[in-house]
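> Fold the following and give me the result.
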Amino acid sequence: MKKIIILFLIFSATVFAKWEVETGYTTDGEPLTSFKTYNTMPITNYLSENDTNFLSEINTLSESDKKLLEEIIKPLYPYINIGVNVDYLGYSVVTIVHLGIKEGDSLVLIVTDNEGNDMRCTFHEDDIEDYQIRMTAGRSTVLTKMLYNGKSAKLMKNFKQIATFDLSGIKQIMKKHVGSSYWYKYKLND
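Predicted coordinates:
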């Protein structure tokens, strides 16, 4: 029995390590639990093709130095953040951050579910700002459900993939942190 528990803990750490959980407040002072996952594309894919000097220097680094560099630039790395307020009836908001996003861009998020089906999400022009897509409560409801039921997601700009996100583990981590709320039981899983 102990071996099963240890294997489960190792597996859980592997799955949950892809998601960061944070708590904070909205600008109105409402509590928000946030679930964040980062882009899985290698750092060399994220850098500009014109930056060949830097790319060649990265390729000469040892594996441990590459990992250290990734940790240093992680705050600049693209990510998806799902914010959940569970007070009263609750709501969710979604933010996607990427330095390559500019206001007015044509962006599509393609979410692949566990059966391999692609679901496309286009964004309202009001949601796209420089460096981020910010979907407010109401408009983010369907996207939150897509991400919750997804296996992976690709952010596309002008038909070119600019970020990839691994969504596995989101169901378990959300259930653990907001699973007893009305929002989780009746809005997310309706």
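> can you list the residues that contact stretch 166-182?
Where contact means CB atoms under 8 Å, 6 or more residues apart in numbering, the residues beyond stretch 166-182 that reach it are 12, 15-16, 18-19, 21, 33, 35, 37, 40, 82, 84, 86, 88-90, 111, 147-148, 150-153, 184-185, 188. (Each C-beta comes from the backbone N, C-alpha and C, glycine too.)
> Buried ones among those?
Neighbour-count burial (16 or more other CB atoms under 10 Å) is assigned, among these, to 15-16, 18-19, 33, 35, 37, 82, 84, 86, 90, 111, 147-148, 150, 152-153, 184, 188.
> Tell me the secondary structure of the residue nearest the centre of the chain, please.
A centroid search over the chain (CA atoms, centre = their mean) returns Ile80, at 2.5 Å, as the residue closest to the centre. Here Ile80 is recorded as strand under DSSP: H, G, I helix; E, B strand; the rest coil.
> Which residues does it form beta bridges with?
Per DSSP bridges, the residues bridged to Ile80 are Thr37, Ile96.
> I'd say it and Leu147 touch.
Yes: taking CB atoms under 8 Å as the contact criterion, Ile80 and Leu147 are neighbours in contact, 6.9 Å apart.
> which residues are common contacts for the two?
By CB under 8 Å, 6+ apart, Ile80 and Leu147 have these common neighbours: Val94, Ala153.
> centre of the chain versus stretch 147-165, how much separation?
Here stretch 147-165 is found 10 Å from its chain centre; the criterion is CA atoms, centre = their mean, to the nearest Å.
> got the contact list for it?
Under the criterion CB under 8 Å, 6+ apart, external residues in contact with stretch 147-165 comprise 37-41, 46, 78-80, 82, 94, 96, 98, 100-101, 105-114, 119, 166-168, 170-171, 174, 188.
> Enumerate every residue touching the residue nearest to the centre of the chain.
For Ile80, the contacting residues are Lys36, Thr37, Val94, Thr95, Ile96, Leu147, Ala153, Phe165, by CB under 8 Å, 6+ apart.
> wait, isn't the second one in contact with Trp19?
To tie it back to what came earlier, the one meant is Thr37. Yes: with the criterion set as CB under 8 Å, Thr37 and Trp19 qualify as a contacting pair; they are 5.4 Å apart.
> Start and end of stretch 179-190, how far apart?
Length of stretch 179-190, first residue to last, CA to CA, to the nearest Å: 13 Å.
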